[in-house]
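K.L.:
sequence below, structure please.
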Amino acid sequence: MNILHYSLGFPPFRRGGMTKYCIDLMIEQKKRGHEVSLLWPGTLINNKTWASVNKRKTYLLEGEIECYSYEIVNPLPIPLMDGIRKPKEFMIQKEKSVFDIFFQNNKFDVLHIHTFMGLPSELIEAAVHAQVRTIYTTHDYFPVCPRCTLFHDGKICTDDHACADCINCNRNALSYRKIQFLQSDIYRIVKDWSIVKTFRKKHNANLYSAYEEPLASREIDRDKQYDYQELRQHNIELLEKINAVHFNSQNTLNVYKRYGYSGKNANVISISNGAIGNHKKIRNMHKPIHFGYLGPVTIHKGYSILRKVCDRLWSSGITEFEVHMYTDAEKAPYLKCHKPYSYVELEQVMEELDIVIVPSECDETFGFTTLEALSYGIPVITSDHVGAKDLIENGKNGYIVNLSDTMLESTMLELLSDTDIVRKMNQYIVDSTNIKTIQEHCEEIIGLYINGGREGRK
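P.N.:
As a prediction, the model looks like this:
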């Protein structure tokens, strides 16, 4: 099978869970004898209709495993998680003939799309015209939310008032010129300069903390509201055209349906990556008990709720616990901060932990942290907004809690009062929790390429 993946690009320039998943899946597909290529959105020249697809140097995925690399020159803008200021700039029509010729010259069987960012809709139309099977994996909520996370003003976005809230939520989005710079060859060179990292860290820290005026107190630009509605409808229609939409959790499918997606071509399949293996074992618990929080210090990942709960426990005299983090944070007597880690250091990280807490306030499509912890035999406390809660059997290998800090507190208090519960959960994980590897997941995805399109497939 000749498989074309569409993602944001290759490491080290592109990082994160989506990039790792895409690369690891391509490696596994290549090992199975399939041909794989990556098409990625490159330099943004202007907001005109022209574009081209240029073949680039073959990329070394792993060892001697290679894949073909194709760049879309002058694709649509890539906002990442910074939002969209002018929706019409993200619906510019490109010359379909460019993509028709691309599919004529390359006999692909499958187009596997991992993001809508930078993606001209004409690419999908050309694939359909060439009878190339199309698959979309939902790594985020970008098709229905310009900020990707459906989280703003310090809380989850359950009602955007028909996109009226999108105007204020995206008011600090980058300009077209700034996005051009971020998609330029120059930025690829300077991205890891210390001054650029400092600016990016500060920008990311403020991304979810800005106060938003209440809707009733501000005048709404109806034209701009309609533009955001049009962009969302445009993306929903693209989803409906795709042969199979791969949702990595039931939570993700439910959210997309909330915004108008029909679900007729939906398939729910949990995911994995190449770092996941079966490392389950009976563990020796630490004294005091070690909780692990592996996310960033941001509101949307639930850090504030975790701190509030831990502060309350500590001030009430319950002090037999530590919280281990892998980033800098404001000091607390129970907090142990470590340097950020890489996947090759995951085993050492997990050796420090007894329970992992994933308290996200935003709707996460999946969340590899849950699967990683389970793969080492570690129970997980996860919020009910985390897609990977599909892997949790409540009370057996972890707990699913709502966003109430009192529920998280009572759960942590129960475990601190009876640490034997943690031992029993560890035993259950070792005996009964299946850890899906990238090899197993690759087989599921190949099956989806061939037979997908039926809602509810697991």
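K.L.:
for this structure, which strand is longest?
P.N.:
strand 52-62 (DSSP state E).
K.L.:
in the helix or strand following that strand, which residues are buried?
P.N.:
Going down the chain from strand 52-62, the next helix or strand is strand 65-73, by DSSP states H and E. Across strand 65-73, burial judged by 16 or more other C-beta atoms under 10 Å covers 67-72. The C-beta positions use only the backbone N, C-alpha and C, and glycine is treated the same way.
K.L.:
got the buried residues for the longest helix seen in the chain?
P.N.:
Ranked by number of residues, the top helix in the chain under DSSP state H is helix 222-241. Buried residues in helix 222-241, counted by 16+ other C-beta under 10 Å: 224-225, 227-229, 231-232, 235-236, 238-239.
K.L.:
what residues does that helix touch?
P.N.:
Helix 222-241 is contacted from outside by 84, 86-88, 90-91, 116, 121, 124-125, 128, 134, 136, 142-144, 146, 162-164, 166-167, 170, 245, 256, 259-262, 264-265, using C-beta atoms under 8 Å, 6 or more residues apart in numbering.
K.L.:
out of the residues you listed, which are buried?
P.N.:
For those, buried by 16+ other C-beta under 10 Å: 84, 86-87, 90, 116, 121, 124, 128, 134, 136, 142-144, 146, 163-164, 166-167, 170, 245, 256, 259, 261, 265.
K.L.:
ok, now how distant is residue 118 from residue 294?
P.N.:
Residue 118 sits 29 Å away from residue 294, going by C-beta to C-beta, to the nearest Å.
K.L.:
sorry, wrong one. I was asking about residue 368.
P.N.:
As judged by C-beta to C-beta, residue 368 and residue 294 stand 10 Å apart.
K.L.:
which of these two has more neighbours?
P.N.:
Counted by other C-beta atoms under 10 Å, residue 368 and residue 294 do not tie: residue 294 has more neighbours, with 24 against 20.
K.L.:
can you tell me the closest non-neighbouring residue to the more buried one?
P.N.:
Nearest residue to residue 294, sequence neighbours excluded (C-beta to C-beta, 6 or more residues apart in numbering): residue 369, at 5.0 Å.
K.L.:
and the helix or strand containing the one you found, what other elements does it pack with?
P.N.:
Assessed by DSSP H and E, residue 369 sits inside helix 368-375. Identification of packing neighbours for helix 368-375 by 3 or more C-beta pairs under 8 Å, 6 or more residues apart in numbering; DSSP states H and E yields helix 346-351, strand 355-358, strand 380-383.
K.L.:
chain center to that helix: distance?
P.N.:
15 Å (C-alpha atoms, centre = their mean, to the nearest Å).
K.L.:
what do you get for stretch 170-186?
P.N.:
Its chain's average C-alpha position is 21 Å from that of stretch 170-186, according to C-alpha atoms, centre = their mean.
K.L.:
again with stretch 64-83
P.N.:
Per C-alpha atoms, centre = their mean, the centroid offset for stretch 64-83 relative to its chain is 16 Å.
K.L.:
next: stretch 6-23.
P.N.:
The answer for stretch 6-23 is 11 Å, by C-alpha atoms, centre = their mean.
K.L.:
can you list the low-confidence ranges for the stretch 151-300 of the chain?
P.N.:
Along the stretch 151-300 of the chain, the model assigns pLDDT under 70 to residues 196-197, 200-218.
K.L.:
which residues in it form strands?
P.N.:
Using DSSP state E, counting those that start in this stretch, the strands found in the stretch 151-300 of the chain span residues 151-152, 155-156, 244-247, 266-268, 289-293.
K.L.:
single out the most deeply packed of the ones you listed.
P.N.:
Comparing the strands of the stretch 151-300 of the chain by mean neighbour count (mean count of other C-beta atoms under 10 Å), strand 244-247 ranks first with a mean of 26.
K.L.:
for that strand, packing partners?
P.N.:
strand 133-137, strand 266-268, helix 438-451.
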